[in-house]
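Colleague: Sequence and predicted model, in that order:
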Amino acid sequence: MAVSTVYTVQSLNSTCSISTPTKTHLGIQQRQVLFYSKKTNRDRVRIGEIRCSGDTIVIGLAADSGCGKSTFMRRLTSVFGGAAEPPKGGNPDSNTLISDTTTVICLDDYHSLDRTGRKVEGVTALDPRANNFDLMYEQVKALKDGIAVEKPIYNHVSGLLDPPELIKPPKILVIEGLHPMYDQRVRDLLDFSIYLDISNDVKFAWKIQRDMAERGHSLESIKASIEARKPDFDAYIDPQKQYADAVIEVLPTQLIPDDNEGKVLRVKLIMKEGVKYFSPVYLFDEGSTVSWVPCGRKLTCSYPGIKFAYGPDSYYGHEVSVLEMDGQFDKLEELIYVESHLSNISTKFYGEITQQMLKHADFPGSNNGTGLFQTIVGLKIRDLFEQVTASKASAPLEAAKA
Ligand SMILES: Nc1ncnc2c1ncn2[C@@H]1O[C@H](COP(=O)(O)OP(=O)(O)OP(=O)(O)O)[C@@H](O)[C@H]1O
Ligand SMILES: O=C(CO)[C@H](O)[C@H](O)COP(=O)(O)O
């Protein structure tokens, strides 16, 4: 039987079953695949190392280090329920987080040079020469195709590359890190992509807060590290935002003239139009330009208040919708008032956004647009996943009818 026939059989509601692994190449388990008709359970055809078409959807999340990727991941996995944990019984320094539905892998694991190697070569981790994009592509593709991989581990404690860990194909694979959209082959595997765009002033404030308070670094060393990374950040990380389906941009507030504290934030959710299975969120009236100060009877606002804006725009030549929030909530439970004025939010019940935000009120950014927009993007990813799954389930029926 020709290979093309096998694929036809599969699309006509047949089952694809995978035998035990035969060998490993590029960290990917190569398997023999058996296709058979569900009706007769006969006509099994051994077709060698052809891969099943998997059901894994792949989400890319790009940002510089210390820009809120882990926080975003915790909000996203919470939307799907269940806790995300490192692989059981594995390397305690694994960067992977697994829950029932999602597996989050950190692309730092594809560093080809360890900490010493980068020092010797005089390159930063942001430089593509310090990363193995061939392996990243092969393994993300394998997982998307439904095949387990032996993924390397970059150990942030030792700065070394540790022995690999087994990653099985999940329902939703999130690849988070510095370069999920850098290599076109990897980019083309993404079903949805997000870029966290944190302005330099805000990034600096967050780094100080974490690296000084939690990691004991000096102010001077934090400044030096940001400066040293900046040229490579500008060259290799920042340009990826042009490819993102959604960008969360975090800027200093405009509500306080010459604010230099950096505590109050202005956050924009930039949503690309025309992305399959993704319909941008809107405020009041889709496509209009809206400015809204919700403070008053239903929303408590202390100085400097809260301001929302919404409207169409253009971003790197793409048509986008932009939702913006400047300021912060005094009482998080009152967020329900704002939520009830937003549409296309992909909630399953009234008040789901507010419930999620209250559940994680202790996460950074829960009182401002960073937490709100991360939660909304999490709900949109759940919606996208459900739509993709529904369309795959109905495809064989449609084919059978034709
Ligand atoms: N929305 C936010 N508001 C305020 N501070 C934040 C926010 N998000 C993150 N931070 C600060 O930035 C720090 C880093 O956040 P997080 O660990 O989520 O980032 P990361 O991108 O995963 O970092 P890394 O790649 O270095 O592990 C947090 O400890 C917190 O201090
Ligand atoms: O930009 C980074 C992404 O997290 C890290 O700096 C990079 O992975 C190198 O890690 P380390 O500083 O632990 O050697």
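Modeller: Cool, the structure landed. Everything numeric here is computed off the predicted structure, so don't read it as measured data. Ligands and ions are numbered 1, 2, ... in the order given.
Colleague: Which parts of the stretch 301-402 of the chain are strands?
Modeller: When assigned using DSSP state E, counting those that start in this stretch, the strands of the stretch 301-402 of the chain occupy the ranges 306-315, 318-327, 342-343.
Colleague: With distance to ligand 1 as added columns, please give these in a markdown table.
Modeller: All C-beta atoms are positioned from the backbone trio N, CA, C, and that covers glycine. Output for the strands of the stretch 301-402 of the chain, formatted as a markdown table (distance: least, C-beta to the nearest ligand atom, whole Å):
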| stretch | distance to ligand 1 |
| --- | --- |
| strand 306-315 | 16 |
| strand 318-327 | 12 |
| strand 342-343 | 19 |
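Colleague: Quick one: closest of those strands to residue 334.
Modeller: Closest of the strands of the stretch 301-402 of the chain to residue 334 is strand 306-315, at 10.2 Å (criterion: C-beta to C-beta).
Colleague: mind checking how far that closest one is from the chain centre?
Modeller: What separates the centre of strand 306-315 from the centre of its chain is 22 Å, taken as C-alpha atoms, centre = their mean, to the nearest Å.
Colleague: JSON lines for the strands of the stretch 301-402 of the chain, including distance to residue 373?
Modeller: Output for these, formatted as JSON lines (distance: least, C-beta to C-beta, whole Å):
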{"stretch": "strand 306-315", "distance to residue 373": "12"}
{"stretch": "strand 318-327", "distance to residue 373": "7"}
{"stretch": "strand 342-343", "distance to residue 373": "11"}
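Colleague: Which positions within stretch 227-242 qualify as buried?
Modeller: When burial is assessed from 16 or more other C-beta atoms under 10 Å, stretch 227-242 yields the following buried residues: 229, 232-233, 236-237, 240-241.
Colleague: Could you do stretch 299-311 as well?
Modeller: If you call a residue buried by 16+ other C-beta under 10 Å, then stretch 299-311 has these buried ones: 299, 301, 304-311.
Colleague: Is it correct that residue 305 is in contact with residue 293?
Modeller: Yes - with contacts counted by C-beta atoms under 8 Å, residue 305 reaches residue 293, the gap being 6.7 Å.
Colleague: Backbone dihedrals for the residue nearest to residue 92 when sequence neighbours are not counted, please?
Modeller: Leaving aside its chain neighbours, residue 92 sits nearest to residue 86 (7.4 Å; criterion: C-beta to C-beta, 6 or more residues apart in numbering). Backbone torsions of residue 86, given as degrees, to the nearest 10, read phi -60, psi 160.
Colleague: Any figure for the gap between residue 86 and residue 165?
Modeller: When distances are taken as C-beta to C-beta, to the nearest Å, residue 86 and residue 165 turn out to be 9 Å apart.
Colleague: these two touch, right, residue 195 and residue 182?
Modeller: No - judged on C-beta under 8 Å, residue 195 makes no contact with residue 182 at a distance of 11.6 Å.
Colleague: quick one: the helices in the stretch 201-350 of the chain?
Modeller: Under the criterion DSSP state H, counting those that start in this stretch, helices of the stretch 201-350 of the chain are mapped to 213, 219-232, 335-339.
Colleague: What of the stretch 1-150 of the chain?
Modeller: With DSSP H, counting those that start in this stretch applied, the stretch 1-150 of the chain shows helices at 3-11, 69-79, 115-121, 133-144, listed in chain order.
Colleague: CSV please, covering those helices and showing mean pLDDT and distance to ligand 1.
Modeller: CSV is the format used below for the helices of the stretch 1-150 of the chain (pLDDT from 0 to 100; distance: least, C-beta to the nearest ligand atom, whole Å):
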stretch, mean pLDDT, distance to ligand 1
helix 3-11, 32, 38
helix 69-79, 93, 3
helix 115-121, 97, 15
helix 133-144, 98, 17
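Colleague: What is the neighbour count of residue 392?
Modeller: 12 (other C-beta atoms under 10 Å).
Colleague: What residues does whatever residue of the chain ends up closest to ligand 1 make contact with?
Modeller: For the chain and ligand 1, the shortest gap (C-beta to the nearest ligand atom) falls at residue 365, measuring 2.3 Å. Shown in contact with residue 365 (C-beta atoms under 8 Å, 6 or more residues apart in numbering): 68, 71, 265, 371, 374.
Colleague: Pull the contacting residues for the fourth one.
Modeller: Which is residue 371. So residue 371 contacts 75, 357, 360, 363-365 (C-beta under 8 Å, 6+ apart).
Colleague: Pull up the gap between residue 221 and residue 231, please.
Modeller: To residue 231, residue 221 is 18 Å away according to C-beta to C-beta.
Colleague: Could you count how many residues lie near the closest residue to ligand 2 within the stretch 301-402 of the chain?
Modeller: When you check the stretch 301-402 of the chain against ligand 2 by C-beta to the nearest ligand atom, the closest residue turns out to be residue 364, at 17.0 Å. Here the neighbour count serves as a burial measure; for residue 364 (other C-beta under 10 Å) it reads 15.
Colleague: need the contact list for residue 343.
Modeller: Residues in contact with residue 343 (C-beta under 8 Å, 6+ apart) are 281-284, 286.
Colleague: so which two of the contacts of residue 371 are the farthest from each other?
Modeller: Of all pairs drawn from those, the one with the longest distance (C-beta to C-beta) is 357 and 364, at 12.5 Å.
Colleague: Would you check which pair of the buried residues of stretch 227-242 lies furthest apart?
Modeller: Between all members of the buried residues of stretch 227-242, the farthest pair (by C-beta to C-beta) comes out as 229 and 241, at 16.6 Å.
Colleague: The longest helix belonging to the chain near ligand 1 at all?
Modeller: Ordering each helix of the chain by length in residues (DSSP state H) puts helix 369-401 first. Yes - residues of helix 369-401 are located near ligand 1 by C-beta under 6 Å from any ligand atom, namely residue 370.
Colleague: Could you pull out the buried residues of that helix?
Modeller: Buried residues in helix 369-401 (16+ other C-beta under 10 Å): 369-385, 387-388.
Colleague: intersection of neighbour lists for residue 195 and residue 182?
Modeller: When C-beta under 8 Å, 6+ apart defines a contact, the residues bordering residue 195 and residue 182 alike are residue 240.
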